[in-house]
Every structure is written in structure tokens, then in C-alpha cells.
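> One predicted model, sequence on top.
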Amino acid sequence: MWYSHLALYSPNGAGPGKGALDLVGCEDVEVRGNTLSALGDTMHIQKSRRIVFDRNRITGSRMGAFFLAEFCQQALITDNFVDGTNGSRVVSIEKSCTDVVVRGNTFRNGGRGSWINQPRNLTMVDNVFERNTTKCEADPKRGRRSFVTGDYEEYAEMYFTTYEVGGTYGNVTLKGNRFISGPNAKHAMTFMPGGSQIVIQDNRFEGPARDIPAAKGCSDVDISGNRGMTP
């Protein structure tokens, strides 16, 4: 059984990220103008700093599409086109990344939304997030059932989490983005407790899920000027 897992998700020659591009512990990273896809996660950049990921195309992922993985610093993510093709998370900004700018990108057709995990100083502006919860669809060829309940899984299009007990995150700004939810998304966006200085302004929400539940346990939250949001 484990041979099947390795063949499908961790092919020969793969690094810890199991993908086409895997960089760990690097400085002054520039990835520009590439076309990438993979049988695992398409790309990981992990524990690195001073990163530029610019004008790349991700055309398919069996697992996650774009990973700015744990503990990255000073990253600029600009003008990329990322198509998750139903793999897993279309974009992940993982444990305690700091000083990250995500601008002018398109992230579409992911399976489990966009995951932002305990960031500090994160700016996301002028991006498009389109139908990134395909794993929620009640279709055995696209959706995925929970092994606990047997029901199809539920995800928000974008969700902010913490990984430490009592973990905090903050100085998060989302402006001028377009969120187009899939037919079975649970919410447009959610926040776990622990956040502060959160600004969600002048974004556009479309599709059936256009709500942001109250960010309980967060402070200094400004959600204003957004178009198409529902209460």
C-alpha cells in the first residue's frame, strides 16, 4: 500500500516537498518565468528569506499547488497564474511566515481553499481567488469525503489559522482582491482566534459563499468597503 502512496505522491527524486521545485534554507531566492506542475505538491520554498516568485505558471498539482512553507521571511509573490486542478490547497502560507506580499496573482481551481497559518506582516492585494474548494463538491471524482463522518469535506475559500496553543498572528491586510467562491464552499473567509490588526477592505466577493463569520478572539479587525459580501 505504501508503495502506491510513494508512486502517486512522492515520486523518485522528490525532495521533502514532493514537487517540481523544492528549496529549503536558502537566501536571495528568485524564481521567475517558469511553468511548473507535479505529481505531488508543485512547489515548496521553506525556511528561506528574501524571496521573489514572479510571473510563473503552475498548471497542475496532484497535491498542493503553491507553498510558501514554514518560517519564510521577506517574500514577494507577484503576477503568477496558479491552477490547482483540484489537487489540494491552491496556496498555503505556512507556519510563521513574516513580511510577505502577494500581489497581482490568480489562484484558481484548488481543492481545499487557501490556507494562511499564523502569519506576521502579510499583505495580499489585487489577486483573484476563483473556485478553490472543489474538494467540497458532492462528486466522487472531485470531492472528498471525511473519514470521520463520511460526509463531503467543508472548507472556506480562505482561512487563517494558528498552529501553537495560544498562538497569535497579525498585521494582515487584504485589499482589492476578487473572491469567487465555488458552489460548495462553507464560507468566503474565516479567522481563528489570536489575530490582531486585520484589515479586509475594498475586496469583491462573488459566488454562493460571500460571508466572513465574526472573527471571534481577534482584535482590531476592520472589514469595510467590500462589494458583494453577505452578512
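Perfect, I can see it now.
> Downstream of the helix or strand bottoming out on mean pLDDT in the chain, the next helix or strand is which one?
The helix or strand of the chain with the poorest confidence is helix 2-9; it has a mean of 54 (mean pLDDT, DSSP states H and E). Note on helix 2-9: by DSSP states H and E, the next helix or strand toward the C-terminus is strand 21-24.
> partners of that following strand, with directions?
Strand 21-24 has the following strand partners under DSSP bridges: strand 43-46 (parallel).
> now this structure, which segments are flagged as low pLDDT?
1-18 (pLDDT under 70).
> what about the nearest residue to residue 219 once chain neighbours are set aside, which helix or strand?
Ranked by C-beta to C-beta, 6 or more residues apart in numbering and with sequence neighbours excluded, the top spatial neighbour of residue 219 is residue 196, at 4.7 Å. Bear in mind the C-beta positions are built from the backbone N, C-alpha and C, glycine included. In this structure, residue 196 sits in strand 195-201 according to DSSP H and E.
> isn't residue 153 right up against residue 136?
Yes - using C-beta atoms under 8 Å, residue 153 is in contact with residue 136, at 5.9 Å.
> Of the two, which one has the most company?
residue 136 (25 against 19; other C-beta atoms under 10 Å).
> For stretch 86-94, C-alpha coordinates in PDB please.
Once non-C-alpha atoms are left out, stretch 86-94 reads as follows in PDB (Å, rounded to 0.1, in the frame of the first residue of the first chain):
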ATOM      1  CA  ASN A  86      -8.400  20.100  -7.800                       C
ATOM      2  CA  GLY A  87      -5.300  18.800  -6.000                       C
ATOM      3  CA  SER A  88      -5.400  20.300  -2.500                       C
ATOM      4  CA  ARG A  89      -4.700  23.800  -1.300                       C
ATOM      5  CA  VAL A  90      -4.200  26.200  -4.100                       C
ATOM      6  CA  VAL A  91      -2.000  28.400  -1.900                       C
ATOM      7  CA  SER A  92      -0.500  27.800   1.500                       C
ATOM      8  CA  ILE A  93       1.400  30.400   3.500                       C
ATOM      9  CA  GLU A  94       2.600  28.200   6.300                       C
END
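> Endpoints of stretch 130-142, how far apart?
For stretch 130-142, the first-to-last residue distance is 16 Å (C-alpha to C-alpha, to the nearest Å).
> And the contacts of that stretch?
Contacts of stretch 130-142 with the rest of the structure, by C-beta atoms under 8 Å, 6 or more residues apart in numbering, involve 84, 86, 88-90, 106-114, 143-144, 152-158, 178, 180-186, 207.
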